[in-house]
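Student: pasting the structure only:
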């Protein structure tokens, strides 16, 4: 017998396979399974194991064991053969919050692949996400694969620039440092909110953090989980906190994944201090590391447009381009209604301020209208009458509109690359450029 929130599970998939929701008793098996499937060197990489255990332990801010699906084989002593999970979180479009579901830790034994097991689990995960009111689902993953389930790679994921100490001028010495570091404490959380906003810079899409999430990421997750945050606070001589930074040694680099400087303080001064500090840390670690594991550089893994890039630009190597988030928006008109205030602000500050008119947007498999009146988004309508498949004022094949919606590509770049993207007239071209400019985002997910 199933409950109202079971979404039809447990489900008999045939051939002895059963899909069900996990329980806390499954934690060890699922964690070991994920480590074995995902880790390149399972004996040396505990991060995935501890991440899974953290998610299933019961004290994660949004996720517990019952947010995991498992498929077991009744014909093989109830062996675990496939699993995945849902991590709920809140993101923001500029300053407008929207709920997101993150499917993750998708794993299947090789001998059970190509049987549609991921599709079965993705279906119930999507239904659970929708029941929670999540407007977007987003996943990180291998190339192409999640396009099968309605996703498009339409949001920056990662991106970095490197600083090598061997480059002339990068290994400078100073008589006395202007700053020092100390580990973050719970008392720093109010200030971390401000510094996190500085880290995000002009990122139009971001993940929101409340106090509970800060506490969990700082102190609640296992120290060896891949999502544990260990920020250091940067202090001036008078003990004022002027910045925060999170870094870990990874391969031949110190990877910096978060770095924010308080307004009124120099990003370059803080950046150069960190360059010197991490060089001393590398010098201390390298004698105990193999020749091919020597730490030679800092990798600023902070996206495509972080403020520190401007501050340290003469010292850095060229941009390493980001990968991409897979994004799925089940109801695009509803999402546009939700972010309408942000679109109205963009319009008000543009050459199209006060615009009135209706744009018919054709996604080929579905259609909607955007009705503007005096600069206000009066309505986002479902569908419109059409005689030909291509009828509409702006047409976008497949899921390419998501690139525009999330600032991943511009209207012009899409138009140049997709012959079946069409625009009805020049006014719509200007309007699309205003409403959906290309702007890089840096989204740090809730793990």
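Tutor: Here it is on my side, so go on. Treat the numbers as computed from the prediction; the structure is a model and nothing was measured. Residues are numbered from 1 along each chain as shown.

Student: all helices for the stretch 201-350 of the chain, in order.
Tutor: For the stretch 201-350 of the chain, applying DSSP state H, counting those that start in this stretch gives helices covering 211-215, 267-285, 307-312, 332-338, 340-348.

Student: As CSV, those helices with mean neighbour count and mean pLDDT would be great.
Tutor: Heads up, the C-betas are built off the backbone N, CA and C, glycines and all. Shown next, in CSV, are the helices of the stretch 201-350 of the chain (neighbours: other Cβ atoms under 10 Å; pLDDT from 0 to 100):
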stretch, mean neighbour count, mean pLDDT
helix 211-215, 16, 98
helix 267-285, 18, 98
helix 307-312, 19, 98
helix 332-338, 17, 98
helix 340-348, 17, 98
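
Student: Those: which one's closest to residue 228?
Tutor: With Cβ to Cβ as the criterion, residue 228 lies closest to helix 211-215 of the helices of the stretch 201-350 of the chain, at 12.3 Å.

Student: Strand partners (parallel or antiparallel) of the lowest-mean-pLDDT helix or strand in the chain?
Tutor: Among the helical and strand segments of the chain, the one scoring lowest on mean pLDDT, DSSP states H and E is strand 422-423, with a mean of 92. Strand pairing for strand 422-423, determined by DSSP bridges: strand 394-395 (antiparallel).

Student: pLDDT of the strand it pairs with, averaged?
Tutor: Per-residue pLDDT over strand 394-395 has a mean of 97.

Student: try stretch 159-174
Tutor: Here the average pLDDT along stretch 159-174 is 96.

Student: residues of that stretch that come out buried?
Tutor: 159-163, 165, 170 (16 or more other Cβ atoms under 10 Å).

Student: and what of stretch 294-309?
Tutor: 295, 297-309.

Student: Same question for stretch 420-427.
Tutor: Neighbour counts over stretch 420-427 (16+ other Cβ under 10 Å) mark 421-423 as buried.

Student: now stretch 13-30
Tutor: Of the residues in stretch 13-30, those buried (16+ other Cβ under 10 Å) are 13, 17-22, 26-27, 29-30.

Student: and the two most separated of those residues?
Tutor: Taking Cβ to Cβ as the measure, the buried residues of stretch 13-30 have their most distant pair in 13 and 27, spaced 22.8 Å apart.

Student: which stretches of the stretch 301-447 of the chain form strands?
Tutor: Ranges of strands in the stretch 301-447 of the chain, per DSSP state E, counting those that start in this stretch, are 323-328, 357-362, 367-373, 376-382, 394-395, 422-423.

Student: mind showing which ranges of the chain have poor pLDDT?
Tutor: Across the chain, the ranges flagged by pLDDT under 70 are 1-4.

Student: Can you tell me the strand partners of the lengthiest strand in the chain and which way each runs?
Tutor: Secondary structure of the chain per DSSP state E: the longest strand is strand 79-93. Strand pairing for strand 79-93, determined by DSSP bridges: strand 68-73 (antiparallel), strand 96-108 (antiparallel), strand 205-207 (antiparallel).

Student: what's across from the nearest residue to residue 395 once chain neighbours are set aside in the sheet?
Tutor: Spatial nearest neighbour of residue 395, excluding adjacent residues (Cβ to Cβ, 6 or more residues apart in numbering): residue 362 at 4.0 Å. With DSSP bridges applied, residue 362 shows beta-bridge pairing to residue 367, residue 395.

Student: In this structure residue 362 contacts residue 400, no?
Tutor: No - applying Cβ atoms under 8 Å, one finds residue 362 not in contact with residue 400, separated by 11.7 Å.
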